[in-house]
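J.: missing the sequence, but the structure's below:
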Ligand SMILES: Cc1cc2nc3c(=O)[nH]c(=O)nc-3n(C[C@H](O)[C@H](O)[C@H](O)COP(=O)(O)OP(=O)(O)OC[C@H]3O[C@@H](n4cnc5c(N)ncnc54)[C@H](O)[C@@H]3O)c2cc1C
Ligand code: SF4
């Protein structure tokens, strides 16, 4: 007598179960197959080629009417099961019941929908089944239609590529910093983004959806940062969760999925579960490979044979024609793990292997993935790779590969790429000079003027010489930025501009970084260079900052912090002082000190109190004094004409104006200013980065002073007649320093390299350049002049600052 098997869900997993079961015991089962979709089993993973037009629905059907008829399967398609009566062993849809001896739940997953306003508007869909796919195909019929895909993971990107292939204008909104962050590291994510953008898809990373806009149907998507993308269709592909509703109602044991044992049996011995709806040993599944293994075990269990499900490693590929990526295993940074990285910027190739205890544990590859399955095999087998370590990255067919060429980045530059920004000399001019007989840096300087001004392009000019002359040119030893690259800071800065590199992964890939994600030396520097050069395109990366800048306060030797509110030009008032005093009382501050920059320092603040003390000080109108940052610290002033009988100008007023203009800007190192009302110089302006000494006839502006490890008097930049000009020159000087200095060089060190004359030529004599620098500074300020205390005095920040770890172990700046 046939046993009754009822299956809920005609998906990929249950399709495999049927094949194994009916092959082994064709006459043993009386099968009823329910499916909520109005169709039978098809290859869900091939929906993307259907969407892009490369396949049709008929091409992806895995079990057709003949199969069901041949096995006398009672198909109840379009009928969702709504209840399981475990006591009487019957399942019910709204159309009626079906009794079972054994029940198999194979309900897959339900797509997650972000509950933002407008998520239920017509035109907002998920990407899970043929109906969704058809809805997207239909939407693409409208000429000029626009689609927004929320989610830059595997599904979202396949949807985006498919919609683009159908002629829609597509934007992908992704919450995280890079695409497919669960499968790819930032370097591979960058290459993927570049490829997608080259296809005309807009990619918006770090984008949080705030609302979906529209009246009768979707019209646009609004992000937290205010960006609006027009949309005729919105596809949410932000994740899935196991579809467990009927199992929950039936009181089966549920974790995140339906709990099954190694035999795929649920907490009810007559009910099995398979596929994405299950949870096995606290693990969920989202790719078909493990589901197919589960299907074999389900069939064996139903046949009373021994079998146990053992999850195996899975690898990911993106099914977008022309995009080659591969990712397998674990590639998170952790102690004891090492990376082997290979980059070929010219071909857009990136490969990274992660090794632990002489075993390959993760692999990420982009652009060239032919060896993916070989690496995957090494991961799965836990092969000891000690013997092939040196050549491992070149794959199984390696026959004597060579390391990456450090000159490749410069060699790849087009001839019209600008090398010497000061004199507007491009690579082609230098190459022509070399072809005309120039063999040294001195020859190039004399013949082309390249590197003859500020000198920051010297390294690049030498590399052009080396790549053009080959062995005939001996490269002088230059100090590379760090172990991740052979390029100097100056080279990197120039190349970031010349090649318009606007993200950290872009810099690392295109300049051939030797590590996957950089190190504690290059990341803060790159973060600064990128935000200084591309304020509108690059987003500051807090993780690439020193601890003080991350916490917006200076860590002290006992692990507490110092908090310094800004006091414009050193001026304060009773209300501010009361707020400071109240904060000192309330938070039990052990020490309150007036600093050399005329500010009040609250010392000994506990980390967990930081957000609250900031909120209290904010309430009194006080903002962060940035006493911890590589940015404007203080503008010290004397009382000037307001109170002093020697005062020649309003030095306090000028100091306040300067501070209000410059605060919040990031600079290569800290910047301190002072304004003295007369040459008696009570504000000690002549040892500051910029020091202004007022005189009867105007303002004497000095730059490049120092009063720390080095002691140095400022050099006279210019004397100007008006306060407005003094402000302009100061702003232009700060911007010139931001755009050209090496990270962690104070202005006096940078000035020593480029020379005062060069700076004067740029901002005193060249009025157009001065104006352009000021414009770029002001543009940057529209983005970066924000009070970080106000930004961080939130419930989320309070959680971040809660005491979790031993603070004294955090590296100080
Ligand atoms: C567009 C797309 C691309 C993908 N690409 C890949 C890939 O490249 N590689 C990869 O490994 N994986 C991929 N996947 C994931 C893969 O498709 C899933 O892992 C797999 O389909 C899960 O199989 P399943 O049988 O558990 O669930 P499903 O295939 O989802 O089947 C479940 C079925 O159960 C039905 N159902 C649910 N509840 C009920 C109910 N109460 N009553 C009746 N029926 C019900 C559903 O309608 C559905 O038809 C992709 C998925 C999608 C959507
Ligand atoms: S610098 Fe001159 S103006 Fe300023 S306080 Fe001193 S004496 Fe007075």
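T.: Looks like it came in fine. Quantities reported herein were computed from a predicted structural model and do not represent experimental measurements. Residues are numbered from 1 along each chain as shown. Ligands and ions are numbered 1, 2, ... in the order given.
J.: number of nearby residues for residue 789?
T.: Burial measure for residue 789: 25 neighbouring residues, criterion other Cβ atoms under 10 Å. C-betas here are computed from N, CA, C, even on glycine.
J.: hmm, it is touching residue 618, no?
T.: Yes: in this structure, residue 789 is within contact of residue 618 by Cβ atoms under 8 Å, at 5.8 Å.
J.: and the stretch 251-400 of the chain, which residues reach ligand 1?
T.: Contacts of the stretch 251-400 of the chain with ligand 1, taken as Cβ under 6 Å from any ligand atom, map to 275-276, 286-289, 291, 319.
J.: so which of those residues belong to helices?
T.: 288-289, 291 (DSSP state H).
J.: now the strands for the stretch 101-250 of the chain?
T.: 102-105, 109-111, 124-126, 146-150, 169-173, 202-204, 209-213, 220-223, 228-230, 233-236, 240-242 (DSSP state E, counting those that start in this stretch).
J.: so which of those strands gets nearest residue 368?
T.: Residue 368 lies closest, by Cβ to Cβ, to one member of the strands of the stretch 101-250 of the chain: strand 202-204, at 21.9 Å.
J.: packing partners of the closest one?
T.: strand 169-173, helix 186-198 (3 or more Cβ pairs under 8 Å, 6 or more residues apart in numbering; DSSP states H and E).
J.: please identify, among the ones in helices among the residues of the stretch 251-400 of the chain next to ligand 1, the one with the most neighbours.
T.: residue 291 (23 neighbours).
J.: in stretch 490-510, what's buried?
T.: 490-499, 501, 503-510 (16 or more other Cβ atoms under 10 Å).
J.: which residue does the stretch 401-550 of the chain bring closest to ligand 1?
T.: Closest residue of the stretch 401-550 of the chain to ligand 1, Cβ to the nearest ligand atom: residue 505 (24.0 Å).
J.: so that residue sits against residue 192, correct?
T.: No: with contact defined as Cβ under 8 Å, residue 505 does not reach residue 192; the gap is 9.9 Å.
J.: returning to what we had before: need the strands of the stretch 101-250 of the chain in JSON lines (columns: mean pLDDT, distance to residue 701 and mean neighbour count).
T.: Formatted as JSON lines, the strands of the stretch 101-250 of the chain follow (pLDDT from 0 to 100; distance: least, Cβ to Cβ, whole Å; neighbours: other Cβ atoms under 10 Å):
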{"stretch": "strand 102-105", "mean pLDDT": "98", "distance to residue 701": "77", "mean neighbour count": "26"}
{"stretch": "strand 109-111", "mean pLDDT": "94", "distance to residue 701": "61", "mean neighbour count": "19"}
{"stretch": "strand 124-126", "mean pLDDT": "95", "distance to residue 701": "58", "mean neighbour count": "21"}
{"stretch": "strand 146-150", "mean pLDDT": "97", "distance to residue 701": "50", "mean neighbour count": "28"}
{"stretch": "strand 169-173", "mean pLDDT": "97", "distance to residue 701": "47", "mean neighbour count": "25"}
{"stretch": "strand 202-204", "mean pLDDT": "96", "distance to residue 701": "42", "mean neighbour count": "18"}
{"stretch": "strand 209-213", "mean pLDDT": "96", "distance to residue 701": "45", "mean neighbour count": "19"}
{"stretch": "strand 220-223", "mean pLDDT": "96", "distance to residue 701": "42", "mean neighbour count": "20"}
{"stretch": "strand 228-230", "mean pLDDT": "97", "distance to residue 701": "44", "mean neighbour count": "17"}
{"stretch": "strand 233-236", "mean pLDDT": "96", "distance to residue 701": "54", "mean neighbour count": "27"}
{"stretch": "strand 240-242", "mean pLDDT": "93", "distance to residue 701": "62", "mean neighbour count": "19"}
